[in-house]
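no sequence for this one, just the structure:
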C-alpha cells in the first residue's frame with residue numbers, strides 16, 4: 001500500500017485541492033439535514049418563527065417577561081431593547097450571537113408563561129392581577145420558575161424552545177403580524193439556502209471527481225512511461241528475468257488497478273472520514289440521546305466487514321497471480337498457433353488454457369459470492385438502524401423530549417456515518433489487488449540494468465574507423481556453471497568480411513550480442529579502434545553498428561518507415577540504394593504502393609525472405625561502421641544470397657562486416673572465417689586454409705559441399 005501512497009505523494013497539489021473540495025462537499029452535505037430539520041421544526045411546527053427574541057413586543061408582555069428573569073438577565077434584555085413611541089419595545093441589535101444570547105434568556109420565561117396559559121390549573125387573569133397589585137413578587141415568580149424547570153429537567157432544550165415559540169407566535173398574532181408571510185418567507189429562505197448548498201456540493205463533487213480522475217490517469221500515464229523507459233533500458237539479462245507476458249501484464253492490468261484505486265482513494269477514502277467524523281459531531285450536537293445507536297451500527301459494520309474480509313482476503317491476493325498466469329498461457333498459445341496446429345496439439349492447449357481460465361474464474365466467483373453478502377448485509381444494517389431510530393425517536397417525540405425534525409436529521413446523519421464506513425469497506429476490497437500490483441510495478445522500477453554507461457564516457461566525438469578487436473573474451477550466462485564463450489581473441493578490420501561459423505549452440509549469436517552490449521563480457525574486453533566498448537556510451541556504440549538479428553523484425557507502418565528506422569532523415573536515394581543492395585527492390589516495386597506499402601505488426605504480411613531483405617536494407621541504410629549479420633541470409637535462396645553478398649562487398653567495402661552463418665556458401669569468400677566449437681575458437685583463416693588445418697570446419701564443409709566443390713574450393 002505504501003507504494004500507492006508514494007505515487008499519490010507525487011501529486012501533492014492535486015491531492016490538497018481534492019481534500020479542500022471534499023471538505024466543502026462534506027460541509028454542504030452535513031448542512032442539508034440541519035436545514036431539513038429546521039424546515040420541519042421551525043418552518044412547519046413553529047410557523048417560520050426562528051427566535052424567541054422578537055424584533056418587537058408589546059410593553060406589557062416585555063415587562064411581564066422581565067419578572068421571570070434574574071436581575072442580570074433583565075439588565076441584558078433592557079439594554080438590548082428600546083421603548084418606542086407606539087408603546088412597543090424594539091430590539092436594537094441584529095448580531096447573531098447577541099440574538100442567540102437573548103433567545104436563551106427569553107426561552108424559560110416564555111416557556112413558563114406559555115405553559116401557564118395552556119394549563120387549566122392556572123388562572124392567568126388572576127395571576128396578572130396579583131402581579132399588578134404586588135401580591136405576586138418577582139422572587140415568588142422566580143421560585144415558581146425554578147420549581148417548574150426542575151420538573152422539566154428531562155425535557156430537551158428544543159422542546160423548551162418550541163414552547164417559547166408558542167408564546168412568540170401569540171405575541172406576533174396580538175400585534176397583527178402576517179404569520180403566513182413569516183412562515184412562507186422562512187420556508188423560501190431556507191429552501192434557497194438548501195438549493196445553494198446543493199449546487200455548491202454538486203460543483204465541489206464534480207470538480208473533486210474530475211481532478212481525482214485526472215490525477216489517477218496521470219499516475220497511470222507516468223507509471224506506464226516509467227515502466228516502459230525502464231524496460232527499454234533493460235539488458236537481455238533483465239529481459240530474461242521478467243517474461244514478456246509478465247511485463248505486458250504489469251504495464252497494463254497492474255497499472256490499471258493502481259490507477260483505479262488511486263482515483264477511489266482520492267474520492268472515497270478521503271471523503272469517508274470527513275463525512276463520518278462530521279456526521280458524528282453533528283449527531284452529538286443534536287442532543288437526541290440516541291448516540292448509542294451509532295455505536296451499535298459501527299460495531300455491527302466492523303463485525304460484518306471483518307468476517308467477509310477474513311474469508312475473501314487470501315483469494316484477493318491470489319487473483320493477481322492467476323491473472324498473470326492467464327496472460328502468460330494466452331500469449332504463449334496465440335504466438336505458437338502454427339506449431340500447435342502442425343503437431344495437432346489443439347486439444348492439449350485448449351485444456352491448458354481452460355485450466356488457467358477456470359482457476360481464475362473460480363477465484364473470482366468465490367470472492368464475488370462472498371462480497372455479494374456485503375451489500376445486503378449493509379442494507380439490512382442501515383434499514384435496521386432506521387427502524388431503531390424511528391422506534392426510539394417516536395418514544396422521545398411522544399414524551400415531549402424530541403422534535404420530529406431532530407429525529408429526521410439524526411436518521412440522515414446516521415446514514416451518512418454508515419455510508420462512510422461502507423465506502424471504506426468497498427475500497428478495502430480493491431486494496432489487496434492494487435497492493436500486489438504496486439509491488440509488481442515497483443519490482444520493475446527498482447530493478448537496475450546490469451548494463452549502463454560509465455559516469456565519464458570516451459569517444460563520443462570521435463570519428464571511428466570500425467576496427468573491432470576481441471581480447472581474450474570470456475562470457476557466462478547468469479547462473480550458468482560453464483562459460484558460453486571462452487578465450488575469444490581476434491580482430492575484424494574495416495574493408496574485410498569476418499565470418500563466424502560453427503555447430504548449433506556453439507556461441508555464435510552470443511559472440512555477436514556482446515558487441516552492441518546486449519550482454520557484457522565476463523572476462524577480457526572488446527574494443528573499437530582501441531577503445532573498450534564499456535567506456536563508450538551505449539548510444540555512441542550502437543550508432544556505429546548496423547545489426548541484423550537472426551529473426552527479422554519489422555514494425556507496423558510502411559516500408560519507408562522501416563527502412564528509415566535508424567534515422568527519419570535518411571534520404572530517399574540512400575534508402576533505395578540500401579534496398580537495391582539487399583536485393584529488395586524487385587518485390588518492393590512490384591507492390592502497387594511501392595515504398596509506401598503497409599507493413600503489419602511483426603511484418604506478418606511479407607514472406608520470411610522479404611522480411612530478411614528489408615531487415616538487411618534497414619541496416620545498410622544506416623550506413624554504419626560495423627555490420628553484424630546474425631545468420632541473416634538463412635531465408636534467402638542461393639541466387640539472392642550470392643547477389644546480396646556481392647553487392648555488399650562493392651557498396652560497403654569501407655565497413656567492418658561480421659557474418660554469423662550456418663551455410664558454408666555464405667562464408668565461402670569471407671576474408672577471415674572463425675570456427676567456433678563449444679564456445680572456443682578452434683580455427684581461423686580463409687576457406688582454403690581451414691579445409692586443410694581445421695577438422696571441425698572440414699566436417700561442416702563435408703556435410704554441405706560435394707566432393708567436387710571441396711576439391712575446387714568454390715561453390
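Looks like it arrived, so ask away. Predicted model, so just to flag it, every value in this text is computed and none were measured. Residues are numbered from 1 along each chain as shown.

from now on I want contacts and neighbour counts done on CA atoms only, so please keep to that.
OK.

distance between the ends of stretch 232-248?
13 Å (C-alpha to C-alpha, to the nearest Å).

buried stuff in it?
Within stretch 232-248, the residues that qualify as buried are 233-238, 245-248, counting by 16 or more other C-alpha atoms under 10 Å.

do stretch 85-95 as well
88-91.

check stretch 96-109 too.
99, 102-109.

what is the nearest of the residues you listed to residue 691?
Ranked by distance to residue 691 (C-alpha to C-alpha), those are led by residue 99 at 114.7 Å.

pretty sure the closest one is touching residue 92, no?
No: with contact defined as C-alpha atoms under 8 Å, residue 99 does not count as touching residue 92 (10.1 Å).

hey, where'd the strands end up in the stretch 1-150 of the chain?
56-58, 81-83, 88-91 (DSSP state E, counting those that start in this stretch).

with the stretch 351-500 of the chain instead?
Counting by DSSP E, counting those that start in this stretch, the strands of the stretch 351-500 of the chain are 468-475, 485-492, 497-502.

which residues does residue 696 contact?
Taking C-alpha atoms under 8 Å, 6 or more residues apart in numbering, we find residue 696 in contact with 675, 677, 682-683.

any buried residues in whichever helix or strand it is part of, and which?
In this structure, residue 696 sits in helix 695-704 according to DSSP states H and E. By neighbour count on 16+ other C-alpha under 10 Å, the buried set for helix 695-704 is 696-698, 700-701.

can you lay out those residues as TSV showing distance to residue 379 and pLDDT?
Formatted as TSV, those follow (distance: C-alpha to C-alpha, whole Å; pLDDT from 0 to 100):
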residue	distance to residue 379	pLDDT
696	81	88
697	81	88
698	84	88
700	79	86
701	82	86
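
helices along the stretch 351-500 of the chain, start to end?
374-399, 404-445 (DSSP state H, counting those that start in this stretch).

which strands or helices does the longest one pack on?
Under the contact criterion of 3 or more C-alpha pairs under 8 Å, 6 or more residues apart in numbering; DSSP states H and E, helix 404-445 touches helix 2-9, helix 12-38, helix 179-233, helix 255-264, helix 270-286, helix 291-335, helix 374-399.

what does the next helix or strand after the longest one rub up against?
Following helix 179-233 in sequence order, the next helix or strand is helix 236-241 (DSSP H and E). Residues outside helix 236-241 that contact it (C-alpha under 8 Å, 6+ apart) are 231, 449-450, 478, 518-519.

rewinding a little: for residue 642, find the nearest of the helices and strands packed on helix 404-445.
So among the helices and strands packed on helix 404-445, helix 291-335 is nearest, using C-alpha to C-alpha, at 32.8 Å.

just checking, what packs against the closest one?
Using 3+ C-alpha pairs under 8 Å, 6+ apart: helix 291-335 touches helix 244-249, helix 346-372, helix 374-399, helix 404-445.

as a markdown table, those helices with mean pLDDT and distance to residue 223 would be great.
Formatted as a markdown table, the helices and strands packed on helix 291-335 follow (pLDDT from 0 to 100; distance: least, C-alpha to C-alpha, whole Å):
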| stretch | mean pLDDT | distance to residue 223 |
| --- | --- | --- |
| helix 244-249 | 78 | 13 |
| helix 346-372 | 85 | 26 |
| helix 374-399 | 78 | 33 |
| helix 404-445 | 77 | 8 |
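
which one of the ones you listed is the most hemmed in?
helix 404-445 (a mean of 21; mean count of other C-alpha atoms under 10 Å).

just want the angle from that helix to helix 374-399.
Helix 404-445 runs at 160 degrees relative to helix 374-399, counting by axes from the mean of the first three to the mean of the last three C-alpha atoms, to 10 degrees.

what residues does stretch 641-658 touch?
So stretch 641-658 is in contact with 465-468, 492-500, 581-583, 624-629, 633, 666, going by C-alpha under 8 Å, 6+ apart.

most packed of the helices and strands packed on helix 404-445?
Scoring these by how many neighbours each averages, mean count of other C-alpha under 10 Å, gives helix 255-264 as the top one, at a mean of 23.

still on that earlier bit, now tabulate the helices of the stretch 351-500 of the chain in CSV and tack on distance to residue 226.
What follows is the helices of the stretch 351-500 of the chain, written out as CSV (distance: least, C-alpha to C-alpha, whole Å):
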stretch, distance to residue 226
helix 374-399, 37
helix 404-445, 7
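
among those helices, which is nearest residue 76?
helix 404-445 (30.2 Å).

quickly find the element holding the closest residue to residue 502 other than its chain neighbours.
With C-alpha to C-alpha, 6 or more residues apart in numbering as the criterion, residue 502 has its nearest non-adjacent residue at 4.9 Å, and that residue is residue 676. Secondary structure from DSSP H and E places residue 676 in strand 672-677.

and the helix or strand just after that strand, what other elements does it pack with?
Stepping forward along the backbone from strand 672-677, the first helix or strand reached (DSSP H and E) is strand 680-685. Judged by 3+ C-alpha pairs under 8 Å, 6+ apart, strand 680-685 is in contact with strand 485-492, strand 672-677, helix 687-693, helix 695-704.

between strand 680-685 and strand 468-475, how many degrees?
Using the same axes, to 10 degrees: strand 680-685 against strand 468-475 is 160 degrees.

got a list of contacts for strand 680-685?
485-488, 506, 671-676, 690, 693-694, 696-697.

next, the angle from that strand to strand 497-502.
140 degrees.

for residue 585, what are its contacts?
576, 579.

so how far is residue 13 from residue 144?
Where residue 13 is concerned, residue 144 sits at a distance of 62 Å (C-alpha to C-alpha).

one more: residue 350?
50 Å.

hang on, the earlier thing: quick one: which of the contacts of helix 236-241 is nearest residue 427?
residue 231 (30.7 Å).

which ones are touching that closest one?
Counting by C-alpha under 8 Å, 6+ apart, residue 231 has contacts 239, 444.

with residue 452 instead?
Residue 452 neighbours (C-alpha under 8 Å, 6+ apart): residue 538.

likewise residue 197?
With C-alpha under 8 Å, 6+ apart, residue 197 has these contacts: 28-29, 31-32.

count the neighbours of residue 340 for me.
16 (other C-alpha atoms under 10 Å).

residues of the strand or helix carrying it that come out buried?
Assessed by DSSP H and E, residue 340 sits inside helix 337-342. For helix 337-342, a neighbour-count test (16+ other C-alpha under 10 Å) marks residue 340 as buried.
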